[in-house]
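Asker: Let's see this in three dimensions:
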Amino acid sequence: MTASQRIAIIGAGAAGLAAAYDLTRAGHRVTLYEAAPGVGGLAAGFKASHWDWTLEKFYHHWFASDRHMLGLIDELGWRDQVVFPRPYTVIYWQGKFHPFDSIFTTIPLFLLRHFPLTDVIRYGLAGVYLRFFAAWEPLEKYTANAWTRRWFGQRVYDLQLRPLLVGKFGEENLEVVNMAWLWARLKARTTRLGTFVGGFQTFLDRLADVVRSQGAEIRLNTPVTAVRARTVSENRSGLTIETPSGAELYDAVISTSSPASMARLAPDLPASYRESLAALKSMGAVVLVITLKHRLTNYYWHNLPKDAGFPFLALVEHTNFIGPEHYGGDHIIYCGDYLDPDHEYFTLSKEELLERFLPALERFNPDFDRSWVKETWLWRTAYAQPVPPVNHSQNIPPLRTPVPGLYFASMSQVYPWDRGTNFAVEIGRKVAEMVVDDWRGI
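Answerer: Numbers count the residues shown, from 1 in each chain. Model prediction:
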């Protein structure tokens with residue numbers, strides 16, 4: 001029989017909440033520590049006073065293939081609260097925006113209209129191979145840059161794949177990111193995009209309520225300053241969680257923080273493990289959310305190549321995905337970019353970024369005028385997109401750290417899959433299962 005243990009979880013995002021959900025169901029006593037004023041982590045949202053739905057700070061959606069997230073939702077009995085609208089994507093090419101939706105899940109109609117048949121065939125064959133036949137392990141030996149140029153061809157590479165890689169990781173990582181990363185995106189993603197009725201924050205708040213009802217405590221506005229190993233008695237050790245208000249002893253601790261935060265919080269980790277954390281690189285994200293009086297475009301997602309002169313990577317018109325009636329009639333756009341945390345966008349004020357971004361909106365709609373702008377919000381994080389180099393599987397630190405009872409589960413460890421709430425749920429439940437197994441019979 002498994003004895004009830006005191007378990008602390010650092011971070012009340014999707015991974016932390018999923019781990020707490022399983023651990024409390026297994027009978028353990030769980031406390032979640034969250035530095036922010038609400039749950040959700042990078043998937044958290046906010047809400048203007050006149051909105052019915054919350055809005056994600058960093059644009060999020062689910063894919064129809066997100067079996068871990070949708071499976072959890074099924075367990076909770078909330079599938080009727082998941083909606084899958086049909087948004088549309090465009091690509092910028094030769095000074096114009098063109099629809100970039102696919103047939104047979106792999107071939108964009110745009111290619112059939114504008115590119116030679118040989119490019120269309122290569123695109124289709126390479127896409128089918130990656131989606132249905134390829135394994136990721138051999139692909140991680142190659143850079144995505146070299147592999148896509150060779151097999152998709154130079155024209156398609158220049159149109160779609162190079163802009164994708166440079167946009168996500170910057171020129172400096174073009175010869176770094178491995179092909180398994182792109183394989184995972186093609187393998188796991190669908191053209192159908194979903195969300196929860198009321199927004200992601202509504203889902204996360206409801207999941208937090210379930211976790212609380214199962215006995216967990218969630219301490220908001222409570223940053224953890226350190227996790228230290230402690231000898232309790234001759235036959236027992238534990239871990240202390242230190243916060244500005246004091247320290248508490250736990251049998252086990254799960255950290256869902258960034259690798260850099262984990263290395264800083266846990267001084268008892270051996271040098272080799274701390275070095276493995278330091279080797280995990282990532283890009284940050286900067287997102288300016290703007291509400292407008294009028295609709296800007298007819299599309300949801302606008303892919304923008306870095307060399308086209310736009311001051312951001314993507315423009316996402318959220319209310320072409322979820323209607324403006326849920327946001328008090330506001331039309332909402334995201335202007336977002338993945339950037340090195342040293343980029344100047346991390347130091348500019350909201351007003352300064354707005355001045356950089358607003359002139360570009362006329363390129364999406366020549367009728368745009370500054371008087372359309374109603375309100376703006378700026379969100380930034382230094383940890384948004386892990387950078388996976390060649391043979392990255394050798395770099396992933398194990399979920400069980402060398403410190404007994406201390407576990408680490410981050411989006412940097414979901415590789416080869418890309419970051420997202422689906423894989424956060426998967427890794428959260430995986431680490432919870434490890435904890436249950438490790439304490440079974442103790």
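
Asker: For V287, pull up the helix or strand it's in.
Answerer: Using DSSP states H and E, V287 maps to strand 282-292.

Asker: partners of that strand, with directions?
Answerer: According to DSSP bridges, strand 282-292 forms sheet pairs with strand 331-339 (antiparallel), strand 373-386 (antiparallel).

Asker: Show me what the longest helix seen in the chain is packed against.
Answerer: What stands out as the longest helix in the chain, according to DSSP state H, is helix 421-439. Judged by 3 or more Cβ pairs under 8 Å, 6 or more residues apart in numbering; DSSP states H and E, helix 421-439 is in contact with helix 14-25, strand 62-63, helix 67-76, strand 252-255, strand 406-408. Every C-beta, even on glycine, is put in place using the N, C-alpha and C of the backbone.

Asker: The same query, at a cut-off of 6 Å, please.
Answerer: Where contact means 3 or more Cβ pairs under 6 Å, 6 or more residues apart in numbering; DSSP states H and E, helix 421-439 is packed against helix 14-25, helix 67-76.

Asker: P404: which of those is closest?
Answerer: helix 14-25 (17.5 Å; Cβ to Cβ).

Asker: buried stuff in the closest one?
Answerer: The neighbour-count check on helix 14-25 (16 or more other Cβ atoms under 10 Å) flags A14, A15, G16, L17, A18, A19, A20, Y21, D22, L23, T24 as buried.

Asker: Same question for stretch 326-337.
Answerer: Going by neighbour count (16+ other Cβ under 10 Å), the buried part of stretch 326-337 is H326, Y327, D330, H331, I332, I333, Y334, C335, G336, D337.

Asker: ditto for stretch 92-100
Answerer: Y92, W93, F97, F100.

Asker: May I see those residues organised as TSV, with distance to S272 and pLDDT added?
Answerer: Shown next, in TSV, are the buried residues of stretch 92-100 (distance: Cβ to Cβ, whole Å; pLDDT from 0 to 100):
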residue	distance to S272	pLDDT
Y92	45	91
W93	48	89
F97	49	91
F100	45	82
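
Asker: got the CA coordinates for stretch 170-189 in CSV?
Answerer: Coordinates of each C-alpha in stretch 170-189 appear next as CSV, following Å, rounded to 0.1, in the frame of the first residue of the first chain:
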residue,chain,number,x,y,z
GLY,A,170,16.9,33.6,-35.8
GLU,A,171,19.7,33.6,-38.4
GLU,A,172,22.1,32.6,-35.7
ASN,A,173,20.4,29.2,-35.2
LEU,A,174,19.7,28.4,-38.9
GLU,A,175,22.6,25.8,-38.9
VAL,A,176,21.7,24.6,-35.4
VAL,A,177,18.1,23.4,-35.2
ASN,A,178,17.8,19.7,-36.1
MET,A,179,15.2,18.2,-38.5
ALA,A,180,13.5,16.2,-35.8
TRP,A,181,11.9,19.5,-34.6
LEU,A,182,10.3,20.1,-38.0
TRP,A,183,9.2,16.4,-38.2
ALA,A,184,7.4,16.7,-34.9
ARG,A,185,5.5,19.8,-36.0
LEU,A,186,4.3,18.1,-39.2
LYS,A,187,3.6,14.9,-37.4
ALA,A,188,1.6,16.3,-34.5
ARG,A,189,-0.2,19.3,-35.9
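
Asker: Determine how far it lies from the middle of the whole chain.
Answerer: Centre-to-centre, stretch 170-189 and its host chain are 15 Å apart (Cα atoms, centre = their mean, to the nearest Å).

Asker: which stretches of the stretch 201-350 of the chain have low pLDDT?
Answerer: 232-236 (pLDDT under 70).

Asker: Ramachandran angles for the closest residue to V90 other than its chain neighbours?
Answerer: Among residues not flanking V90 along the chain, F97 sits closest, at 4.3 Å (Cβ to Cβ, 6 or more residues apart in numbering). Taking degrees, to the nearest 10, you get phi -90, psi 130 for the backbone angles of F97.
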